[in-house]
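*Asks:* with the input below, show me the fold.
(one chain, ligands or ions: 1)
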Amino acid sequence: MWGAAVAWIVVSFVRPPRSGHSFAERVLRVGSVDELAVGQARLVHHGREPIFVVRVDEDRLVALAAVCTHLHCILRFDRDSGAFACPCHDGAFDLSGNVLKGPPPRALNRYRVEIRLGEIYVHV
Ligand code: FES
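*Replies:* Purely as a prediction, here's the structure:
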């Protein structure tokens, strides 16, 4: 009886989920690339970690966590400097997510972003 119970537990951990992950579960649709001007950022709500999508130039987008790595304040995007500023303790991050100044201990999480048929998608 114990053997069967242990085997069931082991199999339930090893077996892949029944439904697997669909495209919609792993990818966030952000919107039309035409609606995001060069130099502009869009805050996308996603679970506990909102994401900034920034259009760096005509062809390049970046997607970064909008949550400061210090004490988890939500960042602001400063279009003029092209950097993310933390309102809590004056931390700052560049467009690659690297720490520019302040107490944040590490870079921001980065996400893969792509354009398909004019729509922006972020892989989460
Ligand atoms: S929470 Fe961002 S610098 Fe402290």
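*Asks:* near the ligand, which residues of the protein? Just list them.
*Replies:* Residues of the chain lying near the ligand by Cβ under 6 Å from any ligand atom: 68, 70-71, 73, 86, 88-89, 91, 102-104. In short, each C-beta sits where N, CA and C put it, glycine included.
*Asks:* give the contact list for residue 91.
*Replies:* Contacts for residue 91 (Cβ atoms under 8 Å, 6 or more residues apart in numbering) come out as 68, 70, 85, 99, 101-104.
*Asks:* mind listing which of those are in strands?
*Replies:* Among the contacts of residue 91, the residues falling in strands (DSSP state E) are 85, 99, 101.
*Asks:* tally of neighbours for the second one?
*Replies:* Read it as residue 99. When neighbours are counted by other Cβ atoms under 10 Å, residue 99 registers 18.
*Asks:* tell me which stretches of this structure form helices.
*Replies:* Secondary structure of the chain, counting by DSSP state H: helices at 2-14, 23-26.
*Asks:* those helices: lowest mean pLDDT?
*Replies:* Of all those, mean pLDDT reaches its minimum on helix 2-14 (a mean of 47).
*Asks:* shaky segments in this protein?
*Replies:* The chain contains residues with pLDDT under 70 at 1-25.
*Asks:* at 50 instead, please
*Replies:* For the chain, the stretches flagged by pLDDT under 50 are 6-21, 24.
*Asks:* ranges for the strands of this structure?
*Replies:* With DSSP E as the criterion, the chain has strands at 27-32, 41-44, 51-55, 61-65, 76-78, 83-85, 92-93, 99-101, 110-116, 119-123.
*Asks:* check the offset of the second one from the chain's centre.
*Replies:* Taking Cα atoms, centre = their mean, to the nearest Å, one finds strand 41-44 lying 10 Å from the centre of the chain it belongs to.
*Asks:* and for the fourth one?
*Replies:* Taking Cα atoms, centre = their mean, one finds the center of strand 61-65 at 6 Å from the center of the full chain.
*Asks:* re earlier: who wins for most neighbours among the contacts of residue 91?
*Replies:* Going by other Cβ under 10 Å, residue 68 tops the contacts of residue 91 with 24 neighbours.
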